[in-house]
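J.: coordinates for the following, if possible.
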Amino acid sequence: MDENKKKLLIRSVVIGGIVGSLAVAFKSKAKVCTCVTNCYEKTTEVLKFVNENRTEIIEQLKTTSDKVTKTIDETNHDLKAITENIKHLKDSSSQMISTVQETKDHLVTMYETCREKFDEGQEIADKKDA
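T.: Residues are numbered from 1 along each chain as shown. From the prediction side, this is the model:
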């Protein structure tokens, strides 16, 4: 290629890039403007709805807040009852373990006493047989 054709090609590429960039920028600007306009319209609708229905919205919020508070109070009460039951079970378990240990000790003592008497009876019987 000769020098003039190269310069012309480079100028064309640069001008095409600039024109393409401007087209994209304007297209993006249009999209941004459309998006902002849509957001503005939706926000305006929401604010209008809130202003027109303020009393109902406030009542609904109060009702929901009361329900949540009541549910939390009931849950708190249930948790306290469960905690008390757990404490009671823990105490009962300790008492049961203690009672079982005492019963075991009594049974061992009774067994040892019976074993001693049986052994004495065996000795007496052995002496009589001898």
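
J.: helix or strand right after the lowest-mean-pLDDT helix or strand in the chain?
T.: Lowest on mean pLDDT, DSSP states H and E among the helices and strands of the chain sits helix 3-52, with a mean of 76. For helix 3-52, the following helix or strand on the C-terminal side (DSSP states H and E) is helix 54-129.

J.: let me know the angle separating that following helix from helix 3-52.
T.: Orientation of helix 54-129 against helix 3-52 (axes from the mean of the first three to the mean of the last three Cα atoms, to 10 degrees) gives an angle of 80 degrees.

J.: any idea of the mean pLDDT in helix 54-129?
T.: Averaged over helix 54-129, pLDDT sits at 87.

J.: for Asn53, what are phi and psi?
T.: phi -120, psi 30 (degrees, to the nearest 10).

J.: residues near it, how many?
T.: Number of residues near Asn53 (other Cβ atoms under 10 Å) recorded here: 12. All C-beta spots, glycine's among them, are computed from the backbone N, C-alpha and C.

J.: how near is it to Cys39?
T.: Distance from Asn53 to Cys39, counting by Cβ to Cβ, to the nearest Å: 21 Å.

J.: what of Asn85?
T.: From Asn85 to Cys39 the distance is 55 Å (Cβ to Cβ).

J.: give me the helices and strands touching the least confident helix or strand of the chain, please.
T.: For helix 3-52, there is no helix or strand it packs on, judged by 3 or more Cβ pairs under 8 Å, 6 or more residues apart in numbering; DSSP states H and E.

J.: run the chain-centre distance for that helix.
T.: Offset of helix 3-52 from its chain centre (Cα atoms, centre = their mean, to the nearest Å): 45 Å.
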